[in-house]
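> coords please:
(2 chains)
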Amino acid sequence: MRSPSELEGIAREVRLDIFRMFRKSGTGHLAPALSCADIFTTLYFFPIINWDIRFSEKRDRVILSKGHACSALYAVLARAEYFPREDLLTFYQKNSLLGGHPNVNLRGIETATGALGHGICFATGTAMAAKLGGDSFRTYAVIGDGECEEGSVWEAAMFAANQKLDNLVVVVDNNTLQASDRVNDIAPLGELEKKWESFGWHVLRTDGHDFNRLCAAFAEAKETIEVPTVIIADTVKGKGLGIAEDNKEWHSRAPKGDEWQTVLKDYGIDIKDLETI
Amino acid sequence: MRNRSTQMVYDLIKQDKRVLAVTADNRNEIFDEIRVKYPKQYIDYGIAEENMIASCAGLATCGYIPFLYTITNFMSMHAFEFIRNDVCIGNRNVKFLGRSSGLVSCSMGATHQGTEELALLRTLPNMITITPATPIEAREATRFAYEHEGPVYIRLEGFNEPELFDDGYIFDGMGGVIRVREGTDISIFVMGSIINEALSAAEELQNEKGISVEVINVPSVRPIKYDQVANISARTGNVITLEEHSIYGGLGTVIAEILARHKVICNFKMLGLDCCATGCGNRNDMRIINHISKDDLKRVCMDML
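Numbers count the residues shown, from 1 in each chain, chains lettered A, B, ... in the order given. Here you go, the predicted structure:
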């Protein structure tokens, strides 16, 4: 078990790897990845998942339903030895498996996501499979708050509760922004906690950047029986890059020109540090 | 053919714990029995086809073989992207039994008539699309689906379609077509139980006009053996397609693609639905209203010669 301060150190390295990927690609969804980087860091490095058997058939499943945030997952997977870290610099490049949305052929990717409202449904299937087979592996799905506008999210929510899938944990990366604006200005979700509660889920709410609280929430989910758990993680879109934080212009872009200086300043690094890995 | 297909699912469930009977609030009597006798191999997702399909993709990645049975439009159109992204892109071992395909829903209206789904499904990676013509072909197609690793769609119509094959029929998963009536003047390629209209038309044309028509059953538009279709077409030089499906993207389109690909010069006419089916009535009425009846076919044959 790693301490919150150790996890903070890893999350910093994960963010630097994300910046390295965007320095090379010049494109992609940066802010949505920074939003959930701490959630994936916790899952893989506290660790929440069953680390020792992470490459086996009985592995815990981690599914990034909001697939556009894949650079965060790639950075974490590389650090968790799913593939060489050098591969991160192929992000968006010709013939790479590290494209703008998860490719099922990349080690560590359970399914191709990016069309929203799919990954959570897929996750009910792997959780159901564990129940049917009497297996102890668990399924974690990370979805966006904007993604909760998709009807299929609630089909999955209803099914998981009906089937008592207590081996399923959904994390809502609740950054309050979607592609073009505030969720509240486009299609308000109302009282999100009550929505999930009314669907029969155990609902936890936490700061999605506080490792202490994230770990506690995942631990509580593991102890929860008979019902699935949703962790509504309040996050900041663009977390860790001042100019992008909570800024709706940053859904789908990379830093340009002088904007890279703010990355260097925020992290106390040299541009060469972002161009090698 | 619905019951023959779902009975095969039941038989497989008895032998193999990995096989699951899955529906979205669309049982039949056989699924009802599975639900009671093999509850651990039966899942009803409720009226939630999108979740059903992606969830079954998840189950398939863990070794299960789900057979999804519901009204075809609700699966193949309502949840098309879920079939594409969650099942086909990853080549997941999920089987789709689309009931009420073609005009079998008759007076139920356009929403319930599955008349365009092949145009969608045949474009998907790894997908095999099967249109049985008879109950035994439906049964054997379902057995094939179980034996094949990857997504399979089976277009199921209704009940009591006339049988053309004997019990030993073996389904050709490689896309072979089957000549069910010999003839030398015209080749009619047909998919589905409407093949019986073609057989009746051929018989009457022989008796009334001395026209010799061969009837070819096409159980699969993907895969389909190109050479076989091209050789048959070149031999008579007069080709007609007949289907209870839109002519845009269905059997007619597939045969036309093959004729073009193989540079077969011949007369060619497609009989099928011009987009959604119109009208109300029994199945025969619907075929007449939509210009795909036996008499329509006879007229087209006579015009071609």
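
> ends of stretch B:181-201, how far apart?
Stretch B:181-201 has an end-to-end distance of 11 Å (criterion: Cα to Cα, to the nearest Å).

> so how far is that stretch off the chain centroid?
Relative to its chain's centre, stretch B:181-201 lies at 16 Å (Cα atoms, centre = their mean, to the nearest Å).

> What's the mean pLDDT across the one helix or strand residue A:38 maps to?
Take DSSP states H and E as the rule and residue A:38 turns out to sit in helix A:30-45. Here helix A:30-45 scores 98 as its mean pLDDT.

> now swap in stretch A:96-115 and tell me
The average pLDDT within stretch A:96-115 is 96.

> and that stretch, which residues are buried?
For stretch A:96-115, the neighbour count (16 or more other Cβ atoms under 10 Å in any protein chain shown) marks A:98-104, A:106, A:108-115 as buried. Any C-beta I mention is one placed from the backbone N, CA and C, and that applies to glycine too.

> Determine which two of those are furthest apart.
Across the buried residues of stretch A:96-115, the longest distance by Cβ to Cβ is 19.7 Å; it joins A:108 and A:115.

> Next, the contact list for residue 169, please.
With no chain named, the answer covers chain A. Taking Cβ atoms under 8 Å, 6 or more residues apart in numbering or on different chains, we find residue A:169 in contact with A:138, A:139, A:140, A:141, A:218, A:221, A:228, A:229, A:230, A:231.

> Actually, chain B is the one I wanted.
B:136, B:137, B:140.

> which stretch of helix or strand covers residue 57?
Assuming you mean chain A. Using DSSP H and E, residue A:57 is not contained in any helix or strand.

> wait, chain B
helix B:49-61.

> Please apply the same query to residue A:105.
Secondary structure assignment for residue A:105, by DSSP H and E: no helix or strand.

> List the contacts of it.
Counting by Cβ under 8 Å, 6+ apart, residue A:105 touches residue A:97.

> nearest residue to the residue in chain A that chain B sits nearest to other than its sequence neighbours?
Minimum separation of chain A from chain B (Cβ to the nearest Cβ) falls at residue A:125, amounting to 2.2 Å. Nearest residue to residue A:125, sequence neighbours excluded (Cβ to Cβ, 6 or more residues apart in numbering or on different chains): residue B:58, at 2.2 Å.

> So that neighbour is in contact with residue A:113, correct?
No: the pair residue B:58 and residue A:113 fails to qualify as a contact (Cβ atoms under 8 Å) at a distance of 11.9 Å.

> Specify the local secondary structure of residue B:67.
Using DSSP: H, G, I helix; E, B strand; the rest coil, the structure places residue B:67 in strand.

> If you could redo that for residue B:216, that was the one I meant.
With three-state DSSP as the basis, residue B:216 sits in strand.

> Retrieve the pLDDT associated with residue B:106.
The predicted local confidence for residue B:106 is 79.

> Count the residues that sit near residue A:56.
For residue A:56, the tally of surrounding residues (other Cβ atoms under 10 Å in any protein chain shown) stands at 9.

> Would you check how far apart it and residue A:137 are?
9 Å (Cβ to Cβ, to the nearest Å).

> if we can go back for a sec, in strands only, show me the contacts of residue A:169.
A:139, A:140, A:141, A:229, A:230, A:231 (DSSP state E).

> could you dump those residues to JSON lines with neighbour count?
Formatted as JSON lines, the ones in strands among the contacts of residue A:169 follow (neighbours: other Cβ atoms under 10 Å in any protein chain shown):
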{"residue": "A:139", "neighbour count": "27"}
{"residue": "A:140", "neighbour count": "26"}
{"residue": "A:141", "neighbour count": "30"}
{"residue": "A:229", "neighbour count": "25"}
{"residue": "A:230", "neighbour count": "29"}
{"residue": "A:231", "neighbour count": "26"}
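
> hang on, the earlier thing: please list all residues in contact with the residue nearest to residue A:125.
Here residue B:58 is in contact with A:61, A:111, A:121, A:122, A:123, A:124, A:125, A:126, A:127, A:128, A:129, B:86 (criterion: Cβ under 8 Å, 6+ apart).

> Can you list which of those are found in helices?
In this view, those that belong to helices under DSSP state H are A:121, A:122, A:123, A:124, A:125, A:126, A:127, A:128, A:129.

> List only those of the residues you listed flagged as buried.
The neighbour count (16+ other Cβ under 10 Å) marks A:121, A:122, A:123, A:124, A:125, A:126, A:127, A:128, A:129 as buried among the ones in helices among the contacts of residue B:58.

> Could you check the pLDDT of the first one?
This points to residue A:121. What the model reports as pLDDT for residue A:121 is 98.

> I'd say it and residue A:155 touch.
Yes: counting by Cβ under 8 Å, residue A:121 does reach residue A:155; the two are 6.9 Å apart.

> what sits in contact with each of those two?
Common contacts of residue A:121 and residue A:155 (Cβ under 8 Å, 6+ apart): B:50, B:51.

> just the strands in chain A please.
Going by DSSP E, chain A shows strands at A:61-64, A:139-144, A:168-174, A:202-207, A:229-234.

> Of all those, which one is nearest residue B:147?
That would be, of the strands of chain A and by Cβ to Cβ, strand A:61-64, which comes in at 27.4 Å.

> so where do the helices sit in chain A?
Using DSSP H, helices in chain A cover A:4-25, A:30-45, A:70-79, A:119-133, A:151-162, A:183-186, A:192-198, A:211-223, A:259-267, A:271-275.
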